[in-house]
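Participant: coordinates for the following, if possible.
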Amino acid sequence: MTPLAAGGGGDLELILFGILAATGGLVLLAQRTGVPYPITLTLGGIALAFLPGVPAVELDPDLVLVLMLPPLLYAAAFFSSLRDLRANLRPISLLAVGLVIATTLTVALVAHTLIDGLSWAAACVLGAVLAPTDPVAATAIAGRLGAPRRITTVVEGESLINDSTALIAYKFAVAAVVTGGFSVLDAGFEFVYSVAGGIAIGVVVGAVVGALRRRTEDPPTEIALSIVSPYLAYLPADALGLSGVIAAVTTGIYLGWRAPQLASPTTRLQAYAVWEILVFSLNAALFVLIGLQLRTATEGLDGGTDAMTLAGYAAAIIATVVLTRFAWLFPFTYLPRRLSRRLRGRDPAPPPSWVLVLGWSGLRGAVSLAAALAIPETTAGGAPFPERDVIVFLTFAVVVFTVVGQGLTLPVVVRAFDVHDDGGKEAVEESKARLRAAEAALRRLDELRTEGWVRDDTEQRVRGLYEFRRRRIRARFDADDDRDGIEARSLDYQRLARELLEAQRAEIVALRGQGRISDEVMRRIERELDLEDNRLEV
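Facilitator: Below you'll find the model as predicted:
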């Protein structure tokens, strides 16, 4: 099967053009309406699926699990805060391991009870498919709402790890259906072995890639190496039967922590821009493809089950997925603190509103749908896989409900319960860091002032710049230090600087238009002006 198989005739080039054009339009629509782009793209994909002339599109699971998932996991891990992840390791572990197992079992119980012909093993397959949260959707929505950093960290950390737990559970559940055998002991050993091996490969790959990048000074080469890094970790781990997810995440965390020592400023600026575009493009493609799967999810049904019964199944499974998350979160948030004074003192209980928002952030996505589509058609004996098409349909229903339904209402929940991050702690951290950086520059200037190449006038000019910066930052902590309005003066200066930068841009564009300088010269100067502009706070 090709990565993206389209059936039903039609010109493939025109179909791809239409999908790409629609994706661009949906992204612009999301920006104009303020609706998070995962929701707009998913709904747009559903609408596209039923347009006349658009064939049924079947998403190859390898396109998600092998091609798209590694860079998305790597990027999320790279830009995560290792300090925050470590500080929230307990809640992340409870969600990424405990909640995945709980969701698998509760969904299996409900599905086996409701759906005729669905064996326990097949029901566990459905549970494992629906257990992992999406690594993108919830953070893309919660992050832009200004949710507290701890909530975003837990949601992001959970989604980075729970894919591995769920895919291991999925592997054993599918094997139980196909071969008829299952061992809890083997599953437990496989989990520990897979995770430990994935971490080991991730660290090794991170160390090797880091050593190569330290010896490379060419930005395009370094950026290309960063793009292949997740695959260098994921593919060998997956081939050895280890967790490719954990390997890619580990490599991302390792290189993200070491990034300041690995890349030059020029490389960092270019690499961050490349990764921002790459991640956004992959996410946009994934959410459109999710919507396009509606026809695939419904056409596989043989008509033996009426629409109302299927709707009832979907409602029951959706309710089970959502309620299991809440039933897990509230006891495991508050009960351990009731029982342990030490934990209560070290980590006070968050407000119930925070737990509510965290519970409503359990969005499912492309990983669940890809896992459902990867279920084999038949068992080892040649019999059809029990209710495979129903499992695919129910997975699609849960994904759409969580991305669209929960995604659209998450802002309402956040505002209704006044859950927000005032940014106070991070603002203080940033100001302190800027102050320490300015003081470090002044200390280094004192050390260098006797050097022959440091002229007196240059030293005085630079010292004045950093002294002004230090006084300005100190004024943020103490209003008495701002008696002469240093903050307002700085903002006025920056406004003036921007006006002058705009005048310079206009002049070099005019020179290019008159043919007096080449496009290459114009772009080189324009980049320097843009870098100066980017430093301004106004």
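
Participant: what are the phi and psi angles of Val57?
Facilitator: Backbone torsions for Val57, taken as degrees, to the nearest 10, come to phi -110, psi 120.

Participant: neighbours of Glu439, just the number please.
Facilitator: 14 (other Cβ atoms under 10 Å). Bear in mind the C-beta positions are built from the backbone N, C-alpha and C, glycine included.

Participant: measure Glu426 to Ala433 for me?
Facilitator: 10 Å (Cβ to Cβ, to the nearest Å).

Participant: let's verify Arg505: helix, strand, or coil?
Facilitator: helix (DSSP: H, G, I helix; E, B strand; the rest coil).

Participant: make sure it is actually in contact with Arg523.
Facilitator: No. The pair Arg505 / Arg523 is not scored as a contact, 11.5 Å apart, by Cβ atoms under 8 Å.

Participant: so between these two, which is more surrounded?
Facilitator: Using other Cβ under 10 Å, the more surrounded residue of Arg505 and Arg523 is Arg505, with 16 against 13.

Participant: in contact with the more buried one, which residues?
Facilitator: 526, 529 (Cβ atoms under 8 Å, 6 or more residues apart in numbering).

Participant: now it: how far from Gln514?
Facilitator: Distance, Arg505 to Gln514, using Cβ to Cβ: 15 Å.

Participant: how about Ala503?
Facilitator: 17 Å.

Participant: and the helices in the stretch 101-250 of the chain, which stretches?
Facilitator: Using DSSP state H, counting those that start in this stretch, the helices of the stretch 101-250 of the chain run over residues 120-130, 137-144, 149-179, 184-214, 219-239, 244-262.

Participant: which one of these has the lowest average pLDDT?
Facilitator: Mean pLDDT values for the helices of the stretch 101-250 of the chain show the minimum at helix 137-144, a mean of 64.

Participant: and Gln406, that's in a strand?
Facilitator: No. Under the criterion used here (three-state DSSP), Gln406 is helix, not part of a strand.

Participant: residues contacting it?
Facilitator: By Cβ under 8 Å, 6+ apart, Gln406 lies in contact with 322, 360-363.

Participant: by residue count, tell me the biggest helix in this structure.
Facilitator: helix 307-339 (DSSP state H).

Participant: please name every helix or strand in contact with that one.
Facilitator: With contacts defined as 3 or more Cβ pairs under 8 Å, 6 or more residues apart in numbering; DSSP states H and E, helix 307-339 has these neighbours: helix 100-114, helix 120-130, helix 341-346, helix 352-360, helix 388-400.

Participant: in the fourth one, what counts as buried?
Facilitator: It refers to helix 352-360. 354-360 (16 or more other Cβ atoms under 10 Å).

Participant: and for the second one?
Facilitator: Neighbour counts using 16+ other Cβ under 10 Å place 121-130 of helix 120-130 among the buried residues.

Participant: now that helix: how far from the chain's centre is it?
Facilitator: Centre-to-centre, helix 120-130 and its host chain are 25 Å apart (Cα atoms, centre = their mean, to the nearest Å).

Participant: how far off helix 388-400 does it point, in degrees?
Facilitator: Between helix 120-130 and helix 388-400, the angle comes out at 30 degrees (axes from the mean of the first three to the mean of the last three Cα atoms, to 10 degrees).

Participant: can you list contacts of helix 120-130?
Facilitator: Contacts of helix 120-130 (Cβ under 8 Å, 6+ apart): 100, 103-109, 111-112, 115, 118, 166-167, 169-170, 173-174, 176-177, 182, 317, 321, 364, 368, 371-372, 375, 385-387, 391, 394-395, 398.

Participant: if we can go back for a sec, out of the helices of the stretch 101-250 of the chain, which is the most enclosed?
Facilitator: Of the helices of the stretch 101-250 of the chain, the one with the most neighbours on average (mean count of other Cβ atoms under 10 Å) is helix 120-130, at a mean of 27.

Participant: give me the angle between that helix and helix 100-114.
Facilitator: Using the same axes, to 10 degrees: helix 120-130 against helix 100-114 is 130 degrees.
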